[in-house]
Structure formats: C-alpha cells, structure tokens
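Peer 1: quick one, what's the 3D model for this:
(chains A and B)
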Amino acid sequence: MPPDGINARAVGRAFGRGAARLSRWKARRKISRVFSTMEADYQHLLRFGRESDRQFTTLAEGLAHMDAQLSQISGKTLTLEHSLNDQDEDHALASAFTHYRRSVDLVHSSMGLALSEEEQMELIEDKLLGDKDRFVRNSMLFKSLVTLIRIEAARIDSENQNVFAHVAAEVSDMVKRMSEIATKAFGNIEEVILEGTEGRGKLEALQADLTVRAQRSAESLRRELERIRAALVPCADRSREISAILSETKAATSRVATSLQYQDIVRQKLEHVAMGFRDIIDHITDLDNPGRLKKGSRLDLGYLHHAIRVQQAHIAESKSSIAAAGQDVTRGMSELLEKGEALVAEFARMEESADAAFRGSRMSELFRVETNGLIEISAQGERTNKRVQWLVGRVEDFARVFTEDISRQEFDVKLVALNAEVAAARLPTAGALSRLAEETSRLSDDTTRITLSMSAELNEALRKLQGVRTESNRTREALDHEKAELLSEVPGVSDKLARLNDCVQRHSSEVGRDFGAVHREIGGILPTFNFPSLIEECFCPAETLCRNLLELTSAFASPEDLDVGAVARLDAHKGRYTMQSEHAAHRAALDLAAEPPGSTEGLPPDAPGTTPAPKEHDDANIELF
Amino acid sequence: MKKPASIPEPTGRASEVVPSAPAVPSDRPAKTILVVDDFVGVRMYHVSLLSRGGYRCETASDGSEALLRLGTGGVDLVLLDLHMPTMAGGEFIRRIRSDPAHAALPVLVITSETAPGELRGYEGMDSVSVLGKPVLPKVLLEGVRRMIRWRPTRHAT
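Peer 2: Next up is the predicted model:
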C-alpha cells in the first residue's frame, strides 16, 4: 500500500509526469547542443538572401540597362526601317522618282512643243513658197501678154501703134513694179526661211542629240534610283528580321524579369524563416538563463516540432522556387544571348547590304546633275520656241508689207486693163488686139484675185500661227512655272537622297555597334550568376538543422500532445504564404509565453498577434508557442 | 468669165497650211481623245498637238476624273499617263477593263516609266499600247492614229 494515503494511481501519474519531464529535459538538452550550429545556419539563410539579392540586383540592373539599350536600338532600327522602306518624313526615293518623272515630262512637253512649232513653221514656209510660185507664174503671163501686144501692134498702122505701145508699156511697167515688190518681199521671206531651214537643220540634229541625251539621262537616273531601291530591299528585310528578333528578346527579358521577382519573395520568406529560428534560439537561450525568463515558461516541444515542419516546408518551397527562378533566369539569359548572336549576324548582314547599296554611290550628285541636265534640255525647247516665234514675227512683217504693196498696185492693174480695152475699142477691126485687151483685163482680174486670195490665205495662215503661238505661250508659261519649281526642288531632293544614304549607312553600322556592346554586356552578366552552388551552400545547413530538430522532437509530434491553441496557430502557419505572418505568430507565442495569463484580455480571440489561451494548461502557465 | 486653156489655174496647197489639218476626212466627225495627265504642261502640249492633228480633246488630271468623264460617253481614245495622284493609270486601266462599256476602249499609255517590270503588265494587253516619254510629236501622232484605227477583236462593242 502506498504510504500516507497516496494511492497507486496518483503515484503512477506522478511517475508519468516525471518521465515526461525527464524526456523533455533530455530533448531540450540535445536541442541546446544543436543551438551552436543553429546560429550559423540561419545566418546562411540570411546570407543567401543578401547574396541572391546582390546577384539578382546586378542582373536586374543589367537587364534594365539592356532593356533601355534595346529599346533605343529598337527605335533606331524602326527609324532605319522607315527610311529603308521610304516611309520616313523625307520619302527620299519617292520624291526623287516623282522629280525624275516630272523632269522627263518637262523635257517631253517642252521639246515636243518646240518640234511641233517647227512643223507649223515649215507648213507656213511651204505656203509662202507656193504663193511665190503662183505670183511668178502670173508675172510670166503678164510678160507674155506684153510681147503679144507688141507683136500685134507691129501689124497695125503707126498712128495706132502708139496706143498699143503705150498699153504694152503700162502693162510692162506694172509687171515690173509688181515683180519688184514680189522679189523684194519673197526675197526677204526666203532669207528668213533659209535662216530657219539652216537653224532647223541644226536644231533637228541638236534635238535628236538632246532626245538621246534626255533618254540616256533619264535612264541612268532611273537605273540608279531603281538600283538603290532594289539594293535597299535586303536591308529592309534584315531590318524587319531584326525588329522581329528584338520583339522576341523583349519576351525573353520579360520572362527573366518575372523570374527575378521570385527572388524578392523568397528572400522575404527566408528572412522570416531565419527570424523564426532566431526567436527559437533566443527563447532557448533564455530558458538556459532562468533569470532572463519569466517564471513558469517552458519549451513546448510538440509545437516546436510542428513549427519546424512548417519552417522546413517553407525552406523547401523557397529552395524549389528560387532554383526554378534561377533556372528561368539562366535559360532566359541564355536565350537572350542566343538571340543576340542571331541579331549580331543580322546587323552585320544589314550593314553589308547598306554598304553594298551605297558603296561608291554618287546618287545624290547624279540626281542633281541629271535632273539639271534634263531641265537644261527642256530649256533648249524654250530657246527653239523663242527662235520660231522670232522667225514667225519677221515673216509676218514681210508678208504684211507685201500684201499692202500689192494691194496698192491693184488700182494700176485695173487702169492698165481699162486702157487696153479702150485702145482696142478704137480699132474695131483689130480683132487680135481686142482679144489681147480682153486677156489683159482677165489677167488683171486674176492678178487681183490671186493677190486677194494670197493675202487672205496668208493672213489666215498667220492668224492660225498666231493662235499656235498664243497657245504655245500659254503652254510655255505652264512649263516655265514647272521648270522653276523643279529647279528649286533639285537641291532639296538631292539633300534627301544624301540624307537617306547617310541615315542608312550610319544607322546600320551604329545599331550594329550599339547592339554588340549590349550583347557583350549580357554575356558578361551571366557568368556572375552562380545560383545552384549558392542555393546548396545556403540552404543545406538550414535543412539539416530542420531534420535534426524534427528528429529530436519527434517523440512529441503526436497531435494529442498539442493543445487547442497550438493547433490553431499551426493551422494559421500552414495557411500563410509568407513567413511574415508566421513570424508574427512566433513572436506572439513567445510574448504570450513570457507574459502572465490574461494579458491579452479585451482583444478578440482571433485578432492578429493574439493567440487564444490554452484551456488545458491554464494552471501550468508554460505556454511557449 | 471663161478660162482660156493657155493660162493655167493657179494651184496652191491650201489644205496643208491649216495648222490643225484634220487627220480624218472632214465629212466625218472628229475623234475625241481624253488626255489624262497630272502634269499641266504635258496636258496642254498634248491637247495642242492633237488639236492641230484634227482631234477633239478633253482633259483629266487623274484616273478618277477620267472615269467620271468616260461616264458621259463619246471618247474614242484615252491618252494616259501612268503616275498620277488619286488614281494612277494602272488602276484606271483595271477599272475600265472590268466595265463592259469601256472594256475595248483604246488606251495609249505615255509614260516616263521605262522600267520593264512596271510596264510588263501592259504588254500584250488588248487595245493598250505604250510609248515612253520623251517621244517625238510625229511618233505620238502616229501612235494615236494607229490606236484610233484599232478595232477590238474580242471585245466588240
């Protein structure tokens, strides 16, 4: 029987409590022994945070710099692409083609106008020469008539001979005067025609030459423009390819940047895990120094076991996350490097194409020279136009004087015819003379008719030529305006072509050089990134510590050993994502363990930082977590 | 008054001096040519040349204006530039070829474009002929006469 009324059950309970205390004491002693490494272990975790922070910061800065550089390169590439596709604000090639076509149009219309005026002039000349022939024939008829009159007069008596001799003399005199007028007028006209013909001969040769020159000039200009346009196509293709790859690098950069964000989350987690360890170390250190701990505090090994499991889980999750992030970063950076290699090659090809397109090109100079040449050729048309107009003016003057002079002879012709008729009437027997008088009268009528007809036709021709001249002048005015515009535009278009040349050559080498620097930068960053070894070095000690602690506290892992409050806190730990909440829970538990019960009164039981008071251990006042 | 046989009738070549000597017999109505070019100097020159050649001319400064004019009818030939704003010559030809009313209308393209690639599409096209600028006036007039004489073989209207 047990002494002093102490029954066996009570002894048993006391023995059990003693055994449990002994077991906890032993576990705590063992835990105390691993404390020596725990400090270093959590420092490793913190070191990982710092080191990964440094590496990721370097990476992020490098990436940000690279991104900024790539954006600049992308902008330059886009500018270059616009230039290559003639979509920039200059539209150099389109302007040059338009200018070239307008220059050809100017030559075509200017020379065409001059040639067509020449043709008109030729028609007038033909007409004038035809009129001269008609007039000469008429004069010859008059001369024949004078001879006939004189022959007939010789047959009659001497008294009447004088009458016919007088008529013959009058006719002869009239013919002479008219011949003089005609000779003078047609002589002048022929002089002008001869001058025109000689000039036309030269002009035809010149215009044939100019046409060939214009066609050659236009062709060489067109060929050069076409050559540049064709040569820029591969450049534009490369540029498009570069833009596409640059877009892909953006995606790779974005993936790297996203992976980098994991580091910050993991670093925070690790900080909280480390702080959790720190709190445990502090508490156990305090237990070893009773003077620093409030009375009744003790270590809850069951809770410690489960809390360590939570820490272990977070460490494992962090390790996995950061390892995956590290792999993503490495993969992303490698991808960037790979794309960079492709870009370097593309930039080199584009630079080669640009160089090939413009190597030794005198496009701008050629454009200036050839378009000025075309405009100069068109000016030849203008000179022709002026020359024709001057000739027409002179012919007009001579023709006007001629018609005026001939008109003045009209009265004399009629008078001579009348005299002949009167003379013939005096000699009714002189049948031949009478017929001659009739013939004289008819010839005088013909002369009048021819003169009038010639004047009318000539005036009509000259009037039409005037019309042509007026029309030509209007066309010439339009052409002059166009020519002035084209001339004023030549330097501008020439400058645009020079800018295109400069832009393509300079930008294609500049973007290649800029990208080369960025590419080397990316290549330099990656080797400094040693995540796999850093992870192993920093996580392994903490993982070992967790395993050791779990092993030491495994005897207290039974859920029955946990009070309701500890279970609730553990559930909260598991449900939280970062270790901040866990740390707060740890801190609250530690504070609760250190404070007298009821100090959280007035706060709701589930308030953050509060922990419901354990129901089963109220009397023990040993709640730790 | 009766004309004596001994005195010949003065002859002249009055018809040749008329600057706008008609290219067609005077008893037939003049053919109408629609001159389409954005370059005003070229339009004026073509009109001047063709008018003197005896043709009636109308003008348009681009393809869309020319299409509007064609809608009113009476055009026998289009003298067409290729490079024009709003609607270029190529598009104009495609449009009229898809319209049965003008599918066989003769078109004489006169262009500063001599790149074979640009002109390849018009070669062998029915009722389309191409002349490169600069072209001599007589060559242009001959081209116009040839096209005016042209009669469609497949697109008879």
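
Peer 1: shaky segments in chain B?
Peer 2: By pLDDT under 70, the low-scoring segments of chain B are B:1-28, B:114-119, B:123, B:150-157.

Peer 1: all helices for it, in order.
Peer 2: Along chain B, the segments classed as helices by DSSP state H run B:14-17, B:40-52, B:63-71, B:89-97, B:116-119, B:137-149.

Peer 1: and the last one, C-alpha only, in PDB?
Peer 2: The reference is to helix B:137-149. Extracted in PDB, the C-alpha atoms of helix B:137-149 (Å, rounded to 0.1, in the frame of the first residue of the first chain):
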ATOM      1  CA  PRO B 137       5.400  64.600-131.800                       C
ATOM      2  CA  LYS B 138       5.100  62.700-135.100                       C
ATOM      3  CA  VAL B 139       5.600  59.400-133.200                       C
ATOM      4  CA  LEU B 140       2.900  60.400-130.800                       C
ATOM      5  CA  LEU B 141       0.500  61.400-133.600                       C
ATOM      6  CA  GLU B 142       1.300  58.200-135.400                       C
ATOM      7  CA  GLY B 143       0.600  56.200-132.200                       C
ATOM      8  CA  VAL B 144      -2.700  57.900-131.800                       C
ATOM      9  CA  ARG B 145      -3.700  57.300-135.400                       C
ATOM     10  CA  ARG B 146      -2.800  53.700-135.100                       C
ATOM     11  CA  MET B 147      -4.800  53.200-131.900                       C
ATOM     12  CA  ILE B 148      -7.800  55.100-133.300                       C
ATOM     13  CA  ARG B 149      -7.800  52.800-136.300                       C
END
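
Peer 1: out of the helices of chain B, which is closest to A:Thr544?
Peer 2: helix B:116-119 (76.7 Å; C-beta to C-beta). C-beta coordinates here come from the backbone N, C-alpha and C atoms, glycine included.

Peer 1: most tightly packed of the helices of chain B?
Peer 2: helix B:40-52 (a mean of 24; mean count of other C-beta atoms under 10 Å in any protein chain shown).

Peer 1: what lies in contact with it?
Peer 2: Here helix B:40-52 makes contact (C-beta atoms under 8 Å, 6 or more residues apart in numbering or on different chains) with A:105-106, A:108-110, A:112-113, A:116, A:120, A:468, A:471-472, A:474-475, A:478-479, A:482, B:19-21, B:33, B:35, B:37, B:57, B:59, B:61, B:79, B:81, B:110, B:137, B:140-141, B:144.

Peer 1: now, of these, which are buried?
Peer 2: A:105-106, A:108-110, A:112-113, A:116, A:120, A:468, A:471-472, A:475, A:478-479, A:482, B:19-20, B:33, B:35, B:37, B:57, B:59, B:61, B:79, B:81, B:110, B:137, B:140-141, B:144 (16 or more other C-beta atoms under 10 Å in any protein chain shown).

Peer 1: which residue is nearest the centroid of chain A?
Peer 2: Nearest to the geometric centre of chain A sits A:His82, at 1.4 Å (C-alpha atoms, centre = their mean).

Peer 1: how many neighbours does the residue nearest to that one when sequence neighbours are not counted have?
Peer 2: Distances taken as C-beta to C-beta, 6 or more residues apart in numbering or on different chains place A:Asp88 nearest to A:His82, at 4.4 Å, with adjacent residues excluded. Counted by other C-beta atoms under 10 Å in any protein chain shown, the residues lying close to A:Asp88 total 17.

Peer 1: same question for the one 4 residues further on.
Peer 2: Other residues lying near A:Ala92 total 27 when counted by other C-beta under 10 Å.

Peer 1: do A:Glu51 as well
Peer 2: 17.

Peer 1: same check on A:Arg50?
Peer 2: 14.

Peer 1: surely it is within a helix?
Peer 2: Yes: assessed with DSSP: H, G, I helix; E, B strand; the rest coil, A:Arg50 lies in a helix.

Peer 1: pull the contacting residues for A:Ser318.
Peer 2: A:Ser318 neighbours (C-beta under 8 Å, 6+ apart): A:266, A:269-270, A:273, A:539.

Peer 1: following whichever strand or helix holds A:Val468, which helix or strand shows up next?
Peer 2: In this assignment (DSSP states H and E), A:Val468 forms part of helix A:431-525. Per DSSP H and E, the first helix or strand lying C-terminal to helix A:431-525 is helix A:531-552.

Peer 1: packing partners for that following helix?
Peer 2: helix A:8-84, helix A:158-288, helix A:301-358 (3 or more C-beta pairs under 8 Å, 6 or more residues apart in numbering or on different chains; DSSP states H and E).

Peer 1: check what contacts it and list those residues.
Peer 2: A:27, A:30-31, A:34, A:37-38, A:40-42, A:44-45, A:47-48, A:51-52, A:55, A:273, A:277, A:304-305, A:308-309, A:311-312, A:315-316, A:318-319, A:322-323, A:326, A:329-330, A:557.
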